[in-house]
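Colleague: Any chance you could fold what I've pasted below:
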Amino acid sequence: MKQRELGRTGISVSEMCLGTMTFGTQTDEADAHAQMDMALAHGVQFWDCAEMYPVNPLSKEKQGDSERILGNWFEKTGRRGEVVLATKHSGEGYMNVREGAAISSKTIPVAIEGALKRLKTDVIDLYQFHWPNRGSYMFRKNWSFDPSGQNREETIAHMEDALGALQKEVERGTIRAFGLSNESAWGTCQWLNVAERMGGPRVASVQNEYSLLCRMYDTDMAEMSVNEDVGLLAFSPLGAGLLSGKYQGGAVPDGSRKSLVPELGGRMTPRVLEAVAAYLAIAQKHGLDPVHMALAWTLTRPFMGSSIFGATTVGQLEHALGAADVALSSEVLEEIDAAHKQHPMPY
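Modeller: As a prediction, the model looks like this:
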């Protein structure tokens, strides 16, 4: 498994990252632990979690169970030192955590202490903010995005406050690096500016949705990433399973994400299956597994830090890991770009 540097931190991470958001709902603890064993055996030593996980469904009762499952594995195996561990601080409006409090210097130490306890570790390698206090255009909100209600002074003051708190955690040894999630180019650059001006950990990464079906990162965010050494940690690189082809023709496999969340978070639109069909045709033409093609494609992008893939079962994980050995030809890449022009932003 190839390694890439996480921003300017000096931390090396595997170019494929194990996502754990189903650990505790769709994936029970025994299967999750088997996935963690398999991931490490294949060189996937970068793992991503969040305090609000598991999902499908989200619930107050299970909130934090994904981190607890990871923590139990660390305790059982003693292999915490082999893993680059990432998790996230939930933010404003998520009522299952701290009654929906916004991210601030008051919530940061409390959230980190809770995560450390659940993860049964002394340090989090990459600590991320799950979404900005001011809101985000991710998760299909881009179609009606309106930033005119934002207050620039409040946003900058919040960043200064948060970075001051994060720096205290760095000095305390509880976190090593800082990342963002569901962020914009403007927002990321402001975090970078504040860190340069007043100190605090520099943004190392941005975790945003990115796949053949969702390419919003390709312009302003891509330019920011390349010039500022802030890599993308791509979530949903398989389009919530759509790019596997398993939902074509109206199919809904038992236990699949679509069986639990029929609209797949707004991804099931009138145009999406046609777009998927175009990519499936490219894979078939070139003798490629569609899952491998979709994942391998993300790894060709010049701004990619790591591609986060999740698996409900060990079998799905083993299948996805095959993407690490796939090299896409220039012909395939050209056909993918042509399909993107024919089917832009299907959701």
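
Colleague: Could I get the pLDDT score of residue 179?
Modeller: Looking at residue 179, its pLDDT reads 99.

Colleague: where along this structure do the strands fall?
Modeller: Listed in chain order, the strands of the chain (DSSP state E) span residues 3-5, 12-14, 16-19, 46-48, 84-89, 124-129, 175-181, 203-209, 231-235, 304-310.

Colleague: Tell me which of the ones you listed approaches residue 346 most closely.
Modeller: Checking the strands of the chain against residue 346 by CB to CB gives strand 203-209 as the closest, at 13.1 Å. Heads up, the C-betas are built off the backbone N, CA and C, glycines and all.

Colleague: Neighbouring strands - and their directions - for the closest one?
Modeller: Partners of strand 203-209 in the sheet, by DSSP bridges, are strand 175-181 (parallel), strand 231-235 (parallel).

Colleague: who's in contact with the last one?
Modeller: The set of residues that contact strand 231-235 without belonging to it, under CB atoms under 8 Å, 6 or more residues apart in numbering, is 4, 6-7, 17, 19, 48, 86, 179, 181, 204-211, 217, 221, 225, 298, 301, 303-308.

Colleague: let's see it at 7 Å
Modeller: 4, 6-7, 17, 19, 205-210, 217, 225, 298, 303-308 (CB atoms under 7 Å, 6 or more residues apart in numbering).

Colleague: Dump the C-alpha coordinates for stretch 300-319 into CSV.
Modeller: These are the backbone C-alpha positions of stretch 300-319, laid out as CSV (Å, rounded to 0.1, in the frame of the first residue of the first chain):
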residue,chain,number,x,y,z
THR,A,300,-5.0,9.4,-9.6
ARG,A,301,-6.1,12.9,-8.6
PRO,A,302,-3.3,15.4,-7.8
PHE,A,303,-4.9,16.7,-4.6
MET,A,304,-5.7,13.3,-3.1
GLY,A,305,-4.4,12.7,0.5
SER,A,306,-6.3,9.4,1.0
SER,A,307,-9.5,7.8,-0.2
ILE,A,308,-11.8,6.7,2.6
PHE,A,309,-13.8,3.6,1.8
GLY,A,310,-16.1,1.7,4.2
ALA,A,311,-17.3,-1.8,4.1
THR,A,312,-20.2,-3.4,5.8
THR,A,313,-18.6,-6.9,5.7
VAL,A,314,-15.1,-8.4,5.6
GLY,A,315,-15.9,-9.7,2.1
GLN,A,316,-16.7,-6.2,0.9
LEU,A,317,-13.5,-5.0,2.4
GLU,A,318,-11.4,-7.7,0.8
HIS,A,319,-13.0,-6.8,-2.6
